[in-house]
Every structure is written in C-alpha cells, then in structure tokens.
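> Next come a sequence and a model predicted from it.
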There are 2 protein chains.
Amino acid sequence: MKYLHTMVRVTDPVASLRFYCDALGLQVLSRREVPQGRFTLIFLAAPGDTEAQVELTHNWDPQPCAGGRNFGHLAYAVDDIYAACQRLMDHGVTLSRPPRDGHMAFVRSPDGISIELLQRGGGLPVAQPWAAMPNEGVW
Amino acid sequence: MKYLHTMVRVTDPVASLRFYCDALGLQVLSRREVPQGRFTLIFLAAPGDTEAQVELTHNWDPQPCAGGRNFGHLAYAVDDIYAACQRLMDHGVTLSRPPRDGHMAFVRSPDGISIELLQRGGGLPVAQPWAAMPNEGVW
C-alpha cells in the first residue's frame, strides 16, 4: 500500500498555479484536460519528491468550493522557512501564522486549503521581522 | 522541500482508527496527547511507506467537523483492490464507488474524508460481485 496524492478542488487554475508553484515552490508533473468530463487535472509535487503528489481538480463549470472542517492541512518541510515565507509574501500570499518561532508557518491557497510549512531539522534562530508578525485569520 | 502529511480532523478516535487502520490498512506511527491544548495527534502511514503520513487531530471538546468541497480525497495504491475492498466491507465500510473496473474504488472515513484506492500497476480482471455493485452516495 502506498500513498499517491491528496486531491483538492480549485476554482481558478491560473491563480492556483501561481500559489502552489510560483509562491509555494511545487512543480507541475503533468496536466490532463478531460473535455468529456469538463475538468482539468494538474499533478504537482515538491522538486525531487515526486512520489507524494497534490492533484488539483478544476471543474470547468463553476461549482461551490468552500472549505469544511474535516480536512485540516497539507504539510511540507522546507530548507529555509524564512525564504519560503518571503517568497509567499512576494506573491501576495498572507501569512496566516508567520514563522515567529523559526519553525512553523501556515498559509492558505486561493480556495482556502491550509498549508503548513515546517523548518527541516528543527527551527531557525528567531529573527525579525518574523518574530513580531501577528497571526491573520485562521489556518 | 518535502511532503510530510495531510492532516484531517476526527471526532471519534476509536471509530477513526478502526477505519484508517483495521479497515483501510494504515499503521499508527506515533500518538501524542496534548492536555494543555486538549487534543490528541495520531500519525499514520501505509506499512513500509512511512514518509507520507496522515495526521489525525482529535479535539477533546466537540467541534463541528463537517466536510467542504475544496478538499477532494486522499489516494493510495493497493496491491489487490478486491482484497482491500473486502476488508473495508468486513469492517462495515460502505463502498461509495465499488471497484467495478478492477481499478478504482472510493470510500469515506467516519468524518466524511474521501479515500481513493487505485490498483497498483493498472487494473485487475473485472470480476463479480464487484462488477455489479452500484455506487452509494457521493465520494
């Protein structure tokens, strides 16, 4: 038995790829348009970690895509949590939970999927401006 | 950057472990009670695939745990999709989408998390009683 992917639905593929790839750092592995089902599938993974994937499903006809409470978040380890958060901010992403402790941060995708970032190997030294940043919203 | 886990919230840890472990086949890697936060964390993974984990969060104080539409499902490859589905049924789990094609099935956790099972290496020969089973509900 082997983990393959977590699937999340997206309402705007362009905004979603900007978030998941440009801002978060995942890469597109494959993309498949399915006209008969009127949807597009995009498979993503962290560079060099292609076994554990995220599947984005975009239904061409608008559907409600609100979040619920049974799903919590996707979690990734990163080499430099401050660099990762800076890149997210540079792309206009709000840090719901900034890495005040040098260890953990949370952001949300355009469709409200919560993403947890954890500093690989523990934590970085506490540093400004991160240490002084308040939480924004929930995550 | 490396995938760590998908976190889902659970309202009943006993029923959830029966589903995720006894019926689905994941194993408990670790369990942590956090009295000061009044929650329990349970980390699961497929046997031999411990890098890609599922984190169950159980808040001791009841919270709404309904599902939304932005999260889709967790997907696992299995060695024998018929054996996997039989074990799920033996534990009282409804096959939302039975493996009629020998390739794909869907079930739901007690809290409505959708789980996709995919036959490793393609599909098994179409076989009864699976081929004649109707869908039940949505997945």
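Looks like it arrived, so ask away.

> Please compute how far the longest helix along chain A lies from its chain's middle.
Criterion DSSP state H: the longest helix present in chain A is helix A:81-90. With C-alpha atoms, centre = their mean, to the nearest Å as the basis, helix A:81-90 stands 12 Å off its chain's centre.

> Break down chain A into its strands, ranges please.
A:2-9, A:27-34, A:39-46, A:49-59, A:71-78, A:104-108, A:114-119 (DSSP state E).

> I'd like to check which residues are in contact with A:Asp101.
The neighbours of A:Asp101, taking C-beta atoms under 8 Å, 6 or more residues apart in numbering or on different chains as the test, are A:123, A:126. Where C-beta positions appear, they are placed from N, C-alpha and C, glycine not excepted.

> how close does it get to B:Leu4?
17 Å (C-beta to C-beta, to the nearest Å).

> what do you get for A:Val10?
According to C-beta to C-beta, A:Val10 and B:Leu4 sit 21 Å apart.

> So between these two, which is more surrounded?
Per other C-beta atoms under 10 Å in any protein chain shown, whichever of A:Val10 and B:Leu4 has more neighbours is A:Val10, with 24 against 20.

> Could you find the closest non-adjacent residue to the more buried one?
Leaving aside its chain neighbours, A:Val10 sits nearest to A:Ser16 (4.1 Å; criterion: C-beta to C-beta, 6 or more residues apart in numbering or on different chains).

> cool, and A:Ser109?
In space, A:Ser109 comes closest to A:Phe19 once its chain neighbours are excluded; the distance is 5.2 Å by C-beta to C-beta, 6+ apart.

> Can you check the pLDDT for the one you found?
Looking at A:Phe19, its pLDDT is 96.

> Tell me how many other residues surround it.
If you count neighbours by other C-beta under 10 Å, A:Phe19 ends up with 24.

> which residues touch it?
A:Phe19 is in contact with A:91, A:93, A:109-110, counting by C-beta under 8 Å, 6+ apart.
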